[in-house]
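> sequence unknown, structure follows:
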């Protein structure tokens, strides 16, 4: 018997199950490894509140250890994605706060983006209709975005007297659509239409409004059926390599790939490939 006691949680890899999670401020569903988060205030175009911000932040943080969730789809109910922070429940109260409390709020909203980027699961945003303010930020923080021709994405901070440097927008948006295009959206607050968004690279592709969720879930299911550990490493490296030189990135990827070669996914993929090869008979 070992003289050292091992924490059962550590021995299990700190894994937890989230399929049974009961969301309070949005809808949560898990099927075949794909979690769907539905922002569900359609009468107001699905705005965020202090509580929904905090619950989303905490849920994405927990996804680090969720062994039953391999990919995440983020969608809004009722034909719109998200109209941003609720004018009455967030914007109004913020006007009355002092600097320390305002900084607590802006740091909290930034933590949502941090946890979205830090969770290993690929996040696919299914975007129809209005996608504005914090909603546009959540779309930006997702790994992939499926839109519709009628989607309207706007980083509205300039329109309410604030800087466009909100929740990581000045760092992330230029990497998605380029510096000049990001500058235009963040300085003007104008809406980016669906077709223009696809041309600019904000959307991976466009779908019909009635099928955008299903297509996002199908893409998520394909990813969930793949090598989940390796997908998590890919997401980590895509994020971390922003701050690396090419030489540092090549070394980091060498270490990451060697680690992936120790997984069962790599071994299974090799043996599946070998099994599919037709035998070659000499003389035939």
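Noted; the coordinates are in hand. Treat the numbers as computed from the prediction; the structure is a model and nothing was measured. Residues are numbered from 1 along each chain as shown.

> So which elements touch the longest helix anywhere in the chain?
Among the segments of the chain that qualify as a helix by DSSP state H, the longest is helix 99-118. Other helices and strands packing on helix 99-118, by 3 or more CB pairs under 8 Å, 6 or more residues apart in numbering; DSSP states H and E, are helix 50-62, helix 134-141, helix 228-240. All C-beta atoms are positioned from the backbone trio N, CA, C, and that covers glycine.

> Would you mind finding the most buried of the ones you listed?
Neighbour counts averaged per stretch over the helices and strands packed on helix 99-118 are highest for helix 134-141, at a mean of 26; criterion: mean count of other CB atoms under 10 Å.

> Beyond that helix, next helix or strand please.
Scanning forward in sequence from helix 134-141 by DSSP states H and E, the next helix or strand is strand 144-148.

> quick one on the thing from earlier: columns distance to residue 173 and mean pLDDT on top of the helices and strands packed on helix 99-118, output as TSV?
Compiled in TSV, these are given as follows (distance: least, CB to CB, whole Å; pLDDT from 0 to 100):
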stretch	distance to residue 173	mean pLDDT
helix 50-62	20	96
helix 134-141	6	97
helix 228-240	15	94
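
> Tell me where the model's unsure across the protein.
Low-confidence segments of the chain, defined by pLDDT under 70, span residues 1-14, 278-284.

> residue ranges for the strands of it, please.
If you assign secondary structure with DSSP state E, the strands in the chain sit at 27-31, 34-39, 71-76, 123-126, 130-132, 144-148, 152-154, 192-193, 205-207.

> tell me what the second one is packed against?
Right, the one you point to is strand 34-39. Using 3+ CB pairs under 8 Å, 6+ apart as the contact test, the elements touching strand 34-39 are strand 27-31, helix 50-62, strand 71-76, helix 212-224.

> in its sheet, what does that strand sit against?
As defined by DSSP bridges, the strand partners of strand 34-39 come to strand 27-31 (antiparallel), strand 71-76 (parallel).

> and residue 179, how many neighbours does it have?
Around residue 179 sit 11 other residues, with neighbours defined as other CB atoms under 10 Å.

> right, and the strands of the chain - which one's nearest residue 227?
Comparison of those against residue 227 by CB to CB identifies strand 71-76 as nearest, at 12.1 Å.

> neighbouring contacts of the closest one?
Where contact means CB atoms under 8 Å, 6 or more residues apart in numbering, the residues beyond strand 71-76 that reach it are 33-39, 42, 45-46, 63, 81-82, 119, 121-129, 135, 138-139, 142, 213, 216-217, 220-221, 223-224, 231.

> again with stretch 218-232
Stretch 218-232 is contacted from outside by 32-34, 70-73, 120-122, 124, 144, 146, 260, 263, 265-266, 269, using CB under 8 Å, 6+ apart.

> Can you check the distance spanned by that stretch, start to finish?
Using CA to CA, to the nearest Å, the end-to-end distance of stretch 218-232 comes to 19 Å.

> Equivalent analysis for stretch 215-235, please.
Taking CA to CA, stretch 215-235 runs 21 Å from one end to the other.

> now stretch 174-181
Start-to-end, stretch 174-181 (CA to CA) is 7 Å.

> List the buried residues in it.
Buried residues in stretch 174-181, counted by 16 or more other CB atoms under 10 Å: 177, 181.

> do the same with stretch 120-134
120-134.

> export the strands paired with strand 34-39 to JSON lines and tack on distance to residue 155 and mean neighbour count?
Listed next are the strands paired with strand 34-39 as JSON lines, based on distance: least, CB to CB, whole Å; neighbours: other CB atoms under 10 Å:
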{"stretch": "strand 27-31", "distance to residue 155": "26", "mean neighbour count": "14"}
{"stretch": "strand 71-76", "distance to residue 155": "17", "mean neighbour count": "26"}
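
> just so I know, which of these lies nearest residue 90?
Among the strands paired with strand 34-39, strand 71-76 comes nearest to residue 90, with 16.9 Å by CB to CB.

> Next one: residue 106 relative to residue 95, how far apart?
Summarising the geometry, the distance separating residue 106 from residue 95, computed by CB to CB, to the nearest Å, is 14 Å.
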